[in-house]
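Trainee: after the sequence you'll find the predicted model.
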Amino acid sequence: MTRLSAFLAATALVAMASPAAAAVNVTLSNQGQPFALPDGQELIATFDDANNPTQVFVDGVTLTLIGATVGVNEGGSGYSGTLPNDDTHYLTVPGGATATFESLRLMSSFSLFMGSPDTYNQIEFFGDNGYHEVLSGADMFLGDTNQDWGWGKRVNFDFGGYNVNKIVLSSSGNSFEVDTAAGAFAAGVPEPATWALMIGGFMATGVMLRRRRANLSLA
C-alpha cells in the first residue's frame with residue numbers, strides 16, 4: 001500500500017465515522033430565569049459590564065460587537081425590548097448590527113436567555129466538517145414570534161453530533177436582545193480532518209518501517 005492510498009483509506013474511514021448532517025435541535029426552557037444554565041454548559045458571557053461589553057469568562061473565546069451594544073437604551077421604545085426578571089445589563093443587537101462569538105475549542109451545544117421574539121432576528125452557526133446552519137427568529141422561538149416584552153426563556157441549541165466554533169447573532173430590525181450566553185465545550189477532541197492526518201501518518205510510518213525491515217533482511 002502506498003502512502004497516498006493509506007492516507008485516502010484513513011480519510012474514508014473518518015468520513016464514514018462522521019455524523020450525518022442534521023438541523024439544529026432547538027428547545028426552550030427556564031421561563032423567566034436568565035441565570036439558570038442547562039446541565040453540562042458553562043457561562044460564557046453575562047454582558048453586565050457596560051464599560052467592557054465584550055467581556056467573556058471562558059479562555060479561548062472572544063466576542064466581537066459591530067453595532068451591538070450593552071447597557072445602551074435598554075428597554076427603550078423602538079430600539080430594545082426588555083428581558084423579564086433580568087435587572088442586569090444585556091446584549092442588544094439592533095438592525096444591521098452583529099455580535100460574533102469565536103472559540104478555539106469546539107462547542108457541542110450553546111444557549112442564550114432571550115426576550116421579545118422577532119422574526120427578523122437571526123443566529124448563524126459555523127463548525128467542523130463545513131457545518132453551517134442559519135436560524136431565523138421563527139426557528140429560534142419555535143414559531144412564537146408575538147413580540148411580547150414579557151416573553152423570556154432560555155433558548156438551547158444542540159448541533160446533532162456536530163460541533164461549532166463560531167456563532168453570529170444579527171438582526172434586520174430593532175432589536176435582538178439576549179443575556180447569559182453559555183455552552184458545552186468538547187474536551188480537546190481533534191476534528192475529523194485532524195484524525196485523518198494522524199491516522200494517515202501512522203499508516204505511512206508503518207509502511208516505511210516494513211520496507212526498512214525488508215531491506216535489512218535482504219542486506
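Mentor: Everything's here; your move. Numbering: from 1, shown residues only.
Trainee: strands of this protein, start to end?
Mentor: 25-29, 42-45, 61-66, 69-70, 91-93, 98-115, 121-127, 132-136, 152-158, 164-171, 176-185 (DSSP state E).
Trainee: closest to Pro84 out of those?
Mentor: Closest approach to Pro84 among the strands of the chain is made by strand 152-158 (3.6 Å; Cβ to Cβ). Using the backbone N, CA and C atoms, a C-beta is placed for each residue, glycine as well.
Trainee: if we can go back for a sec, could you identify which of the strands of the chain is most buried?
Mentor: strand 91-93 (a mean of 28; mean count of other Cβ atoms under 10 Å).
Trainee: in its sheet, what does that strand sit against?
Mentor: strand 69-70 (antiparallel), strand 176-185 (antiparallel) (DSSP bridges).
Trainee: can you put those in JSON lines and add mean pLDDT and distance to Lys153?
Mentor: Below are the strands paired with strand 91-93 laid out as JSON lines (pLDDT from 0 to 100; distance: least, Cβ to Cβ, whole Å):
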{"stretch": "strand 69-70", "mean pLDDT": "98", "distance to Lys153": "21"}
{"stretch": "strand 176-185", "mean pLDDT": "97", "distance to Lys153": "11"}
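Trainee: quick check, Thr27 in contact with Asn156.
Mentor: Yes: between Thr27 and Asn156 there is a contact at 4.7 Å, judged by Cβ atoms under 8 Å.
Trainee: circling back to that earlier point, would you turn the strands paired with strand 91-93 into a markdown table with distance to Thr62?
Mentor: Shown next, in a markdown table, are those (distance: least, Cβ to Cβ, whole Å):
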| stretch | distance to Thr62 |
| --- | --- |
| strand 69-70 | 15 |
| strand 176-185 | 12 |
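Trainee: what does stretch 39-51 contact?
Mentor: 37, 53, 55-58, 61, 63, 70-72, 88-91, 101, 109-111, 179-185 (Cβ atoms under 8 Å, 6 or more residues apart in numbering).
Trainee: should've said stretch 88-96
Mentor: By Cβ under 8 Å, 6+ apart, stretch 88-96 touches 34, 45-50, 53, 65, 67-74, 79-80, 83, 99, 120-121, 169-179.
Trainee: could you do stretch 76-84 as well?
Mentor: So stretch 76-84 is contacted by 32, 34, 72-75, 90, 92, 94, 113-116, 147, 149-152, 174-175, 177, 179 (Cβ under 8 Å, 6+ apart).
Trainee: now do 6 Å
Mentor: If you take Cβ atoms under 6 Å, 6 or more residues apart in numbering as the criterion, stretch 76-84 is touched by 32, 73-75, 90, 92, 115-116, 149-150, 152, 174-175, 177, 179.
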